[in-house]
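Peer 1: next input, structure requested:
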Amino acid sequence: GGAGGTSSATGSGYNYAGGGGGGGTYGSSANLNNQAFFGAGGGAGGGGYNIARDLNSGAAGGRGGGFVFITANNLNNTAGYISATGQQPSDPGAPYGQYSTGGGGGGGAGGSVVLLANTIVNNFTGGIGANGAIGGARNNGYAGGAGGSGRVYARYNSYSGSGTIQTNNGGGTASPDAYF
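Peer 2: Below is the predicted model:
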């Protein structure tokens, strides 16, 4: 998962809070055939003070991705998502229209997708995935960290189609965490 944001020193009466850390990736890509996890939730952003010394809460972290297990003779994905993607956190708000100094929440990590089928046809771009979410944006505090990538494991006799399988972290970096 991503690291949390950095807290700054107090300046001009403000204390800007650090963002929450992104949810971490569980397990090892070398053992995807016998490991499956729910995604870790992202950490909450820190609270900061505005010039009036009012505490501005940081945003909550995003929820981690779930766990999808599908067993079928023929799995045909032509128009939908099979996803265990982490949740993007909300951004810190400014109470009463003030200048917010709370940090953004961390992105949730991707969970696990396990597909066991004789035949898999995947013709939907991005249709199978376990991506981590981006960290929450900052208002005037610091942004939250990105969630780690999830895991996809597929066992089949025949695979076809032009669709993609994604296990990206919240920063958009592809991760080699899909096993076939």
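Peer 1: quick check: Gly62 vs Gly136, distance?
Peer 2: 8 Å (C-beta to C-beta, to the nearest Å). For every residue, glycine as well, the C-beta is placed using N, CA and C.
Peer 1: anything in contact with each of those two?
Peer 2: Between them, Gly62 and Gly136 share these contacting residues under C-beta atoms under 8 Å, 6 or more residues apart in numbering: 42, 88-89, 105-107.
Peer 1: how about those residues in CSV, adding neighbour count, distance to Ala130 and secondary structure?
Peer 2: Formatted as CSV, the shared contacts of Gly62 and Gly136 follow (neighbours: other C-beta atoms under 10 Å; distance: C-beta to C-beta, whole Å; DSSP: H, G, I helix; E, B strand; the rest coil):
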residue, neighbour count, distance to Ala130, secondary structure
Gly42, 42, 15, coil
Gln88, 22, 15, coil
Pro89, 32, 18, coil
Gly105, 34, 20, coil
Gly106, 40, 17, coil
Gly107, 40, 13, coil
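Peer 1: for those, which two are the farthest from each other?
Peer 2: Gln88 and Gly106 (10.2 Å; C-beta to C-beta).
Peer 1: shared neighbours of the two, anything?
Peer 2: By C-beta under 8 Å, 6+ apart, the residues touching both Gln88 and Gly106 are 62, 136.
Peer 1: dump the residue contacts of the nearest residue to Val68 once chain neighbours are set aside.
Peer 2: Spatial nearest neighbour of Val68, chain neighbours left out: Val113 (4.6 Å); criterion: C-beta to C-beta, 6 or more residues apart in numbering. Counting by C-beta under 8 Å, 6+ apart, Val113 touches 68, 82-84, 128-130, 150-153.
Peer 1: how about the shared contacts of Gly62 and Gly136 in a markdown table, adding pLDDT and distance to Gly22?
Peer 2: Below are the shared contacts of Gly62 and Gly136 laid out as a markdown table (pLDDT from 0 to 100; distance: C-beta to C-beta, whole Å):
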| residue | pLDDT | distance to Gly22 |
| --- | --- | --- |
| Gly42 | 87 | 5 |
| Gln88 | 88 | 11 |
| Pro89 | 86 | 9 |
| Gly105 | 84 | 9 |
| Gly106 | 87 | 4 |
| Gly107 | 88 | 5 |
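Peer 1: can the residues you listed go into JSON lines with extra columns for distance to Thr25?
Peer 2: Formatted as JSON lines, those follow (distance: C-beta to C-beta, whole Å):
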{"residue": "Gly42", "distance to Thr25": "12"}
{"residue": "Gln88", "distance to Thr25": "17"}
{"residue": "Pro89", "distance to Thr25": "17"}
{"residue": "Gly105", "distance to Thr25": "18"}
{"residue": "Gly106", "distance to Thr25": "13"}
{"residue": "Gly107", "distance to Thr25": "12"}
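Peer 1: good, wrapping up.
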